[in-house]
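**Q** Below are the sequence and a predicted model for it; my questions follow.
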Amino acid sequence: MLAARPEEHRRLLHAFLNAASAGDARTLVELLADDAVMVADGGTEGRVVGGIRNLPRPLHGAARITAFVVAATARRGIALQVEEHELNGQPAIVFWTEDRRPFAALLLAVADGKIQRIFFHADADRLRHLGPGITHG
């Protein structure tokens, strides 16, 4: 696998976010590797948003991930602000509540021009270090 340059990583991150926000299943499938894996970590208590609970185990395959993402984004439960930041040395998206508390972080593993892995971290305990003082990367 050939790892993506930061510009390609950023392009795929924003394309994924835009397609997910629009419920664009066709584009999501095109962005994902056929054997892509999605991991959603809502912490020990889990997280429920819009009536959908975080995934209890990794989700495998572009079609299954797309179906989950489209269903989850169609049932938005709260208004969130979206900002790009650098996390773990890569472009990432941080979702903030209206009172500037970190709600979730979206990170991708990208190679060969496709999204290979999606990591959606929504564990409030693990996100505390982001705090309202995080700076853009």
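**A** Arrived safely.
**Q** where does this protein dip in pLDDT?
**A** Counting by pLDDT under 70, the chain shows low-confidence ranges at 1-3, 43-55, 75-77, 131-137.
**Q** so Ala92 is in which element?
**A** strand 90-96 (DSSP states H and E).
**Q** what's in contact with that strand?
**A** With contact meaning Cβ atoms under 8 Å, 6 or more residues apart in numbering, strand 90-96 is reached by 6, 9-10, 13, 17, 80-87, 102-108, 130, 132, 134, 137. The way it works is simple: take the backbone N, C-alpha and C, and place the C-beta from them, glycine included.
**Q** same check, this time on stretch 105-121
**A** Contacts for stretch 105-121 (Cβ under 8 Å, 6+ apart): 1-4, 8-9, 12-13, 16-17, 31-33, 36-41, 54, 65, 85, 87-88, 90, 92-95, 104, 122, 127, 130.
**Q** What's the first helix or strand after the helix ranked longest in the chain?
**A** Determined from DSSP state H, the single longest helix within the chain is helix 6-22. Later in the chain than helix 6-22, the nearest helix or strand by DSSP H and E is helix 25-31.
**Q** For that next one, output the C-alpha coordinates as CSV.
**A** Only the C-alpha atoms of helix 25-31 are listed here, as CSV (Å, rounded to 0.1, in the frame of the first residue of the first chain):
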residue,chain,number,x,y,z
ALA,A,25,-24.1,6.9,-0.7
ARG,A,26,-22.6,6.6,-4.2
THR,A,27,-19.7,9.0,-3.5
LEU,A,28,-19.1,7.3,-0.1
VAL,A,29,-18.7,3.9,-1.7
GLU,A,30,-16.3,5.4,-4.3
LEU,A,31,-14.2,6.9,-1.6
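**Q** what packs against it?
**A** helix 6-22, helix 62-74 (3 or more Cβ pairs under 8 Å, 6 or more residues apart in numbering; DSSP states H and E).
**Q** residues in contact with it?
**A** By Cβ under 8 Å, 6+ apart, helix 25-31 touches 12, 15-16, 18-20, 62-63, 65-67, 69-70, 114-115.
**Q** How about the secondary structure of the residue nearest the centre of the chain?
**A** Centroid-nearest residue in the chain, with Cα atoms, centre = their mean: Leu106, separated by 3.1 Å. Here Leu106 is recorded as strand under DSSP: H, G, I helix; E, B strand; the rest coil.
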